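>>> pasting the sequence and the predicted model now:
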Amino acid sequence: MGLILLFNAFNGLIQGAFYALMALGLALILGLNNTINFAQGAFMALAAYFAFTLVPYTGFWGALIAAPLLAGVIGFAVETVLVRRLYSRKDPIYTLLLTFGLALIIQDMIRTIWGAQGKPLAIPGFLNHPLSNTYFFLTGYRLFVVAVALIGTGALFAVLRFTRIGIRIRAGNADLETISALGVNIYLLRTANFIIGIVFAGVAGILAAGQLGLNPTMGDALIMPAFVAIVVGGVGSLVGSLLGGLIIGLASGITTAFFPAASEVVIYVIMGIMLVVRPRGLLGQEGLFE
Amino acid sequence: MNNPSGSFDRRNVLKAGAAVGVAGLLATPKPTWAASEKPIKIGMIDPITSIFAALGHSEIKGAKFAEAEINKKGGIMGRPLQLIVEDGAGSPGTSIDKAARLVSRDKIDFLIGAVNSASALALSQFANKHNLLYVCTGGHVDSLTGKDCHWNTFRTCSTTWMLTAGDFETLFKKFGKTWYFITTDYAFGHAEQADYITQLKKAGGKVVGGALAPVGTTDFSSYLIDVKAKKPKVLCLLLAGDDQVNCMKQISQFGIDKEIAVGGALIELEELQALPQAALYGWWTMEWYWKQPKTPHVAEFVKAYLAKYPGQYPTARSWFGYASVYAIKLAVERAKSIETLKVVKAMEGLVLPPEIALQPGTPAYRAEDHQLMLSMFPGHAIQTGKYPNLFEVSAIVPGAQLALPPAETGCKIKYPA
């Protein structure tokens, strides 16, 4: 039992790294764009389908880079044409409804273009094997996903800390009006931030498709754990989102060792407890839920 | 409307007249049917969206294919057939809402459809309340033609019992006595697992472990860790749709299929299509397969189907849609009426002719429980297969040989007085 528990805990952490990657893009957009982006899951699916179409021409690695950028282009259009118009409305319900509708539209678009039939996304053969027989759940691909999650997160933190745009994004998170008054073009800043968030979603979507395959509804299954990770980790805090992802992955992994049927529910139980005991989440700012 | 007096001037009247004329032209019905021949309407509730969409689309294509064929050959008793499709999204609630709309708005004569068991049970109950003949295309739960059977419900796809009986012997004899189940957590999975366990115990086997996976589970790794620890001889997967695809992929990524025999009841061509080559393994049962070199009419059917839907081979689901529409046509012609009770009586014992059955033998809707005695196609996935050659049928087993005898299904049909 001890070994199984250890296996499951480790496995949960791998899954958690994956949730964290999805949550980061969501948290970015929630922070500066003040938008609860319900379409994040649909963007994940869209990027994965772009990758599916690109793989025959560019190979897996080319698609992993190009497809999220393509999704970013769509994100750019969505932000400038639609989301931007709702920034002035204080009530979050408007952007919530908009992105919820967008999610449905993108999903149906995928179904129309690529069909309802599920499709496999081929991943490079050398990633598709377990590393050892004892630790069979450590496949090359899973470790690769963890590596991408770590690198992606590291890169994002570096950008936010050391580049001018990153510092402005953080400043905007803290006080948008002041940095606007200081002469920063906040429209441009918000557009850039939205695109970065979508590109992150794209990378997560492709990685998910490599493991799970493609289907039009894949985004629905992916987005809920990402939301939970944000709520648990703390709205507005990127480190919190990372932590939240790891925590719910771990919890879900450990629960599976004892009671597999509850492994999906447990993350919502944690979210519920968190909302009652500490509504701002582990590292969240005060205000959004208090 | 800037005419203050409110009366029409000449120009407006001309415009309106022209518009009415054009509209009239557009609305003219096709001349093949005389005006007195009102269409016979079949309403179809099947998932166009949701996780069941791929299967739903196949059933709808099959049904539409039958509709076109029937109308080309003169309709049903000289009346055109009209198929009206609504999206049930795999949800019992939505399915019933849409069915109610088909009844009140479109005045349908018959109802068909459902991919998943929950929707099938709901539609069966709805049809019973509305005195409507319902042919279930693709919901497998035993009870639909068992303890929850209704006088007006028929089923074209198999029962879960037939699915499990189809390949139990092969799995048991070939691979061993200790089994582990990963089962989808709703009616279909529960029924399948219960059926397998009954057969396993009868044969002297043992269940060494099992887990219920909620619908929509994406990560099966933790389940597989437990499988490895329990070391079964057979890993029995009783999942559906995307869940089945996800689980099979992860099993192959972990290399488990190399150590433990993997199999289960139902596999669908739609699922195999979604799998990468490394994950094409295992022993399963198909309910119909497009490649039957020895069965007459199948090759012609496949050719005609491909002509209508280029590049898309008919699946078992396509055949469910196709056969269900034809079964209604045959029953109506036998009853010479579209009155529900008369058509129901005509459908009891109805044998599907070879060009519709598209399988060996004489599959019939059994009178006692209204279950079609269709054949099962046990076999295995082809490891190096390329679409559409993904499955090797090892035998075609007549349904009547696998199904529970009518006395054991728990179905007692009560007809309206």
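Yes, it's here. Residues are numbered from 1 along each chain as shown, chains lettered A, B, ... in the order given.
>>> ok, now which ones touch residue 52?
Since you didn't name a chain, this refers to chain A. A:63, A:114, A:119, A:121, A:209, A:214 (Cβ atoms under 8 Å, 6 or more residues apart in numbering or on different chains). (C-beta placed from N, C-alpha, C; glycine too.)
>>> let's do chain B instead
B:89-90, B:115-116, B:241.
>>> with adjacent residues omitted, what lies nearest to B:Lys38?
B:Arg79 (6.6 Å; Cβ to Cβ, 6 or more residues apart in numbering or on different chains).
>>> quick check: phi and psi on the residue of the stretch 51-200 of chain B found nearest chain A?
The nearest approach of the stretch 51-200 of chain B to chain A comes at B:Ala53, 3.8 Å away (Cβ to the nearest Cβ). Dihedral angles of B:Ala53 (phi, psi; degrees, to the nearest 10) stand at phi -60, psi -40.
>>> could you do B:Thr184 as well?
phi -70, psi 140.
>>> scan chain A for its longest helix.
For chain A, the helix with the greatest residue count under DSSP state H is helix A:40-81.
>>> follow-up on the earlier one: the residue of the stretch 51-200 of chain B closest to chain A against A:Arg111, yeah?
Yes. Using Cβ atoms under 8 Å, B:Ala53 is in contact with A:Arg111, at 6.7 Å.
>>> so what sits against both of these two?
A:Pro216.
>>> and the two? which has more neighbours close in?
Higher neighbour count among B:Ala53 and A:Arg111: B:Ala53, with 26 against 19, using other Cβ atoms under 10 Å in any protein chain shown.
>>> residues contacting the residue of the stretch 101-250 of chain A found nearest chain B?
Scanning the stretch 101-250 of chain A for proximity to chain B using Cβ to the nearest Cβ identifies A:Gly118 as nearest, at 3.2 Å. Going by Cβ under 8 Å, 6+ apart, A:Gly118 touches A:213-215, B:54, B:241-242, B:245, B:270-271, B:273-274.
>>> any idea how far B:Trp319 is from the closest residue to chain A within the stretch 301-417 of chain B?
Proximity of the stretch 301-417 of chain B to chain A (Cβ to the nearest Cβ) peaks at B:Gln312, 8.6 Å away. Applying Cβ to Cβ, to the nearest Å, the value for B:Gln312 to B:Trp319 is 13 Å.
>>> next, the angle from the worst-scoring helix or strand of chain A on mean pLDDT to helix A:40-81.
Lowest mean confidence among the helices and strands of chain A (mean pLDDT, DSSP states H and E): helix A:2-32, at a mean of 84. Relative orientation of helix A:2-32 versus helix A:40-81 (axes from the mean of the first three to the mean of the last three Cα atoms, to 10 degrees): 10 degrees.
>>> re earlier: can you put the contacts of A:Gly118 in CSV and add distance to B:Thr409?
Converted to CSV, those look like this (distance: Cβ to Cβ, whole Å):
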residue, distance to B:Thr409
A:Gly213, 36
A:Leu214, 39
A:Asn215, 35
B:Ala54, 30
B:Gly241, 26
B:Asp242, 30
B:Val245, 31
B:Glu270, 28
B:Glu271, 28
B:Gln273, 33
B:Ala274, 33
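>>> for residue 136, grab phi and psi.
Answering for chain A, as no chain was given. phi -70, psi -20.
>>> that answer is for a different chain, and I need it for chain B
phi -80, psi 130.
>>> in the sheet, who's paired with it?
Beta-bridge pairing for B:Cys136 (DSSP bridges): B:Gly113, B:Arg155.
>>> list the contacts for it?
B:112-114, B:120, B:123-124, B:144, B:153-157.
>>> and with 10 Å instead?
Counting by Cβ atoms under 10 Å, 6 or more residues apart in numbering or on different chains, B:Cys136 makes contact with B:111-115, B:117, B:119-121, B:123-124, B:127, B:144-145, B:153-157, B:320, B:324, B:370-372.
>>> where does the stretch 251-400 of chain B come near chain A, residue by residue?
B:252-256, B:259, B:269-271, B:273-279, B:312, B:315 (Cβ under 10 Å from any Cβ of the partner chain).
>>> how about the stretch 101-250 of chain B?
So far as Cβ under 10 Å from any Cβ goes, the stretch 101-250 of chain B lies against chain A at B:182, B:185, B:210-226, B:228-229, B:241-242, B:244-246, B:248-250.
>>> how about the helices in the chain?
Unless you meant another one, I'm taking chain A. Going by DSSP H, chain A shows helices at A:2-32, A:40-81, A:93-114, A:140-162, A:164-174, A:176-181, A:186-212, A:218-233, A:238-258, A:265-277.
>>> look at chain B instead
B:10-27, B:53-72, B:92-104, B:117-129, B:160-175, B:187-202, B:221-230, B:241-253, B:269-273, B:298-308, B:316-335, B:340-347, B:354-357, B:399-402.
>>> make CSV from those helices and add mean pLDDT and distance to B:Pro388 to it.
Formatted as CSV, the helices of chain B follow (pLDDT from 0 to 100; distance: least, Cβ to Cβ, whole Å):
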stretch, mean pLDDT, distance to B:Pro388
helix B:10-27, 50, 40
helix B:53-72, 96, 13
helix B:92-104, 96, 30
helix B:117-129, 96, 27
helix B:160-175, 90, 21
helix B:187-202, 92, 25
helix B:221-230, 86, 29
helix B:241-253, 89, 17
helix B:269-273, 94, 7
helix B:298-308, 97, 9
helix B:316-335, 97, 12
helix B:340-347, 97, 32
helix B:354-357, 96, 21
helix B:399-402, 94, 24
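>>> how many residues are close by the closest residue to A:Thr95 other than its chain neighbours?
Once flanking residues are discounted, A:Thr95 sits nearest to A:Thr35: 4.3 Å by Cβ to Cβ, 6+ apart. Per other Cβ under 10 Å, the neighbour tally for A:Thr35 reads 25.
>>> ok, now B:Asp87?
18.
>>> then B:Ser50?
20.
>>> surely it meets B:His57?
No. Taking contacts as Cβ atoms under 10 Å, B:Ser50 lies outside contact range of B:His57: 11.3 Å.
>>> which neighbours do those two have in common?
By Cβ under 10 Å, 6+ apart, the residues touching both B:Ser50 and B:His57 are A:116, B:115.
>>> nearest to A:Asp91, of the contacts of A:Gly118?
The closest of the contacts of A:Gly118 to A:Asp91 turns out to be A:Asn215 (Cβ to Cβ; 33.8 Å).
>>> so the closest residue in space to the closest one that isn't next to it in sequence versus B:Val351, what's the distance?
In this structure, A:Asn215 finds its nearest non-sequential neighbour in A:Gly118, 4.1 Å apart by Cβ to Cβ, 6+ apart. According to Cβ to Cβ, A:Gly118 and B:Val351 sit 35 Å apart.
>>> kindly list the longest strand within chain B.
strand B:377-386 (DSSP state E).
>>> can you list the buried residues in that one?
Neighbour counts over strand B:377-386 (16 or more other Cβ atoms under 10 Å in any protein chain shown) mark B:377-381 as buried.
>>> now render those as a markdown table, adding pLDDT.
Below are those laid out as a markdown table (pLDDT from 0 to 100):
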| residue | pLDDT |
| --- | --- |
| B:Phe377 | 96 |
| B:Pro378 | 95 |
| B:Gly379 | 95 |
| B:His380 | 95 |
| B:Ala381 | 96 |
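>>> before we move on, back to that, got a quick PyMOL command for the buried subset of the residues of the stretch 101-250 of chain B next to chain A?
Here is the PyMOL selection string for the buried members of these, based on 16+ other Cβ under 10 Å:
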select buried, chain B and resi 182+185+210+211+212+213+215+216+217+218+219+220+221+222+223+224+225+226+228+241+242+244+245+246+248+249+250
